[in-house]
Each structure stands twice: as structure tokens, then as C-alpha cells.
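Participant: following is a predicted model, sequence given first.
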Amino acid sequence: MLKKAVKQIVYPIIQSTPDFLIIGTQKGGTTSLYNYLIEHPQIIGNKSWKEIRYYDLAENYNQGFSWYLGQFPSKLKKGNRLTFDASPSYLYFPNIPKLIQQDLGHIKMIAILRNPVDRAYSAWKMYSSFGTNPNVYQNIKKLADKRTFAQAIEQELTNTCQPGIYFYDYVNRGKYVEQIKNYYKYFEQNTLLILTFDELKQNVSLVMNKICEFLNIEPYSQEALKQFKSQKFNVGLKDQENFSSEDEEYKQKLKTYFEPYNQKLYELLGYSCNW
């Protein structure tokens, strides 16, 4: 009982809340972005390395909000720096915006969007590699997708996935307009900074300083920006999607499928992403 009382009194005093979130998208360059951000002198990472996944994993959410706050540096360690959670599945699940708003109010958020066809292929490559990658833990190996890309996409487009199969959602995760509109139900548009994978890849300096302005912190030094263009920092952005000849048909199918969703996204954003 004493331990519980101490938690109730002391934890709120020492625990810090995140100052901003990176909410998506999966395979959108969020790991590279995380690595860039923690190099800023006014930002400190969380204790979990990037993805806390509090709001999208039941086993984490069920541990309670105090557990979530415990994943961030204490107020003493944090000082005046900003800390954050970078969990790219937050963008996708429709129940999450309301949960975030209830817990964190009108927190600032960043979303990186990627061409949904390339994103789907990149996600499939990741999941299909789980079964053969010796560096992957056993609990992750169970998530391996043994289907070809063509099989996976055909099943999702025709809604014929086998019962019990892991819900990869290669297609649905690329319907960004629905996901962003869902966030706009709970947050003002100026609290969500929307970027693209292509922007981050082609002009990292511009994007990172845009983020600094959004977060009201000092711009990066020229030395730091030069580092970001190096191999060390740019590993995640080397992910070029070279479709095999047998997958090319499904690339075109997906491109056609996503066209109406992309057009609605462009109307919402007020500009085209040229996908």
C-alpha cells in the first residue's frame, strides 16, 4: 500500500510527458527521422529507442498511462529539452487519435507519408524477410509473411486472406486520406505536420529545419545537416523499391487502385505528392 501511495505522489512529480509524436507511416522513413531528431541539442530520445507503441499494442496500453510516462526521461534528466514517441502505427488505427487527445491534449504530431505502392512493397519485403533473417527474434519470426507479393496483394484486394493470418494491411495502410481525416476530427490541422518520404530523401536540410520551426526550436547546425546526408544517417532512406518482373503487374494494379485515394489526399493537403 505504501508503494502504491509513493507511486501516486512521486511519479507525477518526476515523470515527463512527450512534447510531440511521430505517428507514421510504417516504412515511411521514421527511423531515419528519429535518428536525425535525437542529434538536435534541444531534443532527447525516449528510453525505448524510437517506438514505444503504447496506443497500438494492447499489452502496452493495458499497463496504464503511468507506464507510458515511465518510458520517457525524468523531468530532471530532460531539463528544457523536448522528448517524443515515434510509433509509426499510430497513424493507421482509427481509435488512436481519440486516445492521444484524451491523454496528451493537443500535442504536436509529425507524419511522413510515402507513395503507397512503394510503402506496401517495402512492408512486404520486411515481413517476408522475418522468416529467414538470423538476427530476428523468434517471436518476430512468427510474423513472417510466406506469401509472394502478388499473392498478398491479390488476397487483400479481393478480401480473401486466410483466417488467422497476421493482419499486414499492405493496402489499407496506404489510404492516408482516411487516416488524416480521422486525426482532424480530434486535432486542429496546425498541430499535425505532414511530410513525405520523397521530401526527406531529396532535401533533408529543408525538412529538418521545417520540423525545427514547427517545434519552435533552433535550426540545425550546418555540420549536423552535412552528417545527415552521409551513409551513417541515411541508411533507412536507401530503401529503393525495385519491383521484380513478376510483381510489376501488381505494382500497376496498386497504382490504379490508389489513384482515387491519392487524389482525395491531394485535395485535403492542398498540393500533389506526384504519386
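Facilitator: Good, I have the coordinates.
Participant: if I pick the residue nearest in space to the middle of the chain, what's in contact with it?
Facilitator: Taking Cα atoms, centre = their mean, the centroid of the chain lies closest to Pro88, which sits 1.9 Å from it. Shown in contact with Pro88 (Cβ atoms under 8 Å, 6 or more residues apart in numbering): Ile22, Ile23, Gly24, Thr25, Gln26, Lys27, Gly28, Thr30, Glu51. Yep, even glycine has a C-beta here, placed from its N, CA and C like the rest.
Participant: what's the longest helix anywhere in the chain in contact with?
Facilitator: Across the chain, the longest stretch assigned as helix under DSSP state H is helix 245-269. Residues outside helix 245-269 that contact it (Cβ under 8 Å, 6+ apart): 113, 116-117, 120-121, 148-150, 153-154, 157, 171, 174-178, 180-181, 194, 243, 272-273, 275.
Participant: that older thread, distance check, the residue nearest to the centre of the chain against Ser16.
Facilitator: Counting by Cβ to Cβ, to the nearest Å, the separation of Pro88 from Ser16 is 22 Å.
Participant: before we move on, what about Ala224?
Facilitator: Distance from Ala224 to Ser16, by Cβ to Cβ: 24 Å.
Participant: more neighbours, the two?
Facilitator: Neighbours were counted for Ala224 and for Ser16 using other Cβ atoms under 10 Å; Ser16 has more, 19 against 16.
Participant: roughly how far apart are the more buried one and Thr191?
Facilitator: Distance of Ser16 to Thr191, given as Cβ to Cβ: 19 Å.
Participant: same check, this time on Glu267
Facilitator: Relative to Thr191, and taking Cβ to Cβ, Glu267 is found at 20 Å.
Participant: between these two, which is the more surrounded one?
Facilitator: Thr191 (17 against 11).
Participant: hang on, isn't the more buried one packed against Gly105?
Facilitator: No - counting by Cβ atoms under 8 Å, Thr191 does not reach Gly105; the two are 9.6 Å apart.
Participant: what is in contact with those two at once?
Facilitator: With Cβ under 8 Å, 6+ apart, Thr191 and Gly105 have no common neighbours.
Participant: could you export the helix or strand encompassing Pro97 as PDB, CA atoms only?
Facilitator: Here Pro97 sits within helix 96-104, counting by DSSP states H and E. Output of helix 96-104 as PDB, limited to C-alpha atoms (Å, rounded to 0.1, in the frame of the first residue of the first chain):
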ATOM      1  CA  ILE A  96      -5.800   6.100 -31.600                       C
ATOM      2  CA  PRO A  97      -6.400   9.800 -32.200                       C
ATOM      3  CA  LYS A  98      -9.100  10.000 -29.600                       C
ATOM      4  CA  LEU A  99      -6.900   8.200 -27.000                       C
ATOM      5  CA  ILE A 100      -4.000  10.500 -27.700                       C
ATOM      6  CA  GLN A 101      -6.200  13.600 -27.400                       C
ATOM      7  CA  GLN A 102      -7.600  12.300 -24.100                       C
ATOM      8  CA  ASP A 103      -4.200  11.700 -22.600                       C
ATOM      9  CA  LEU A 104      -2.000  14.300 -24.200                       C
END
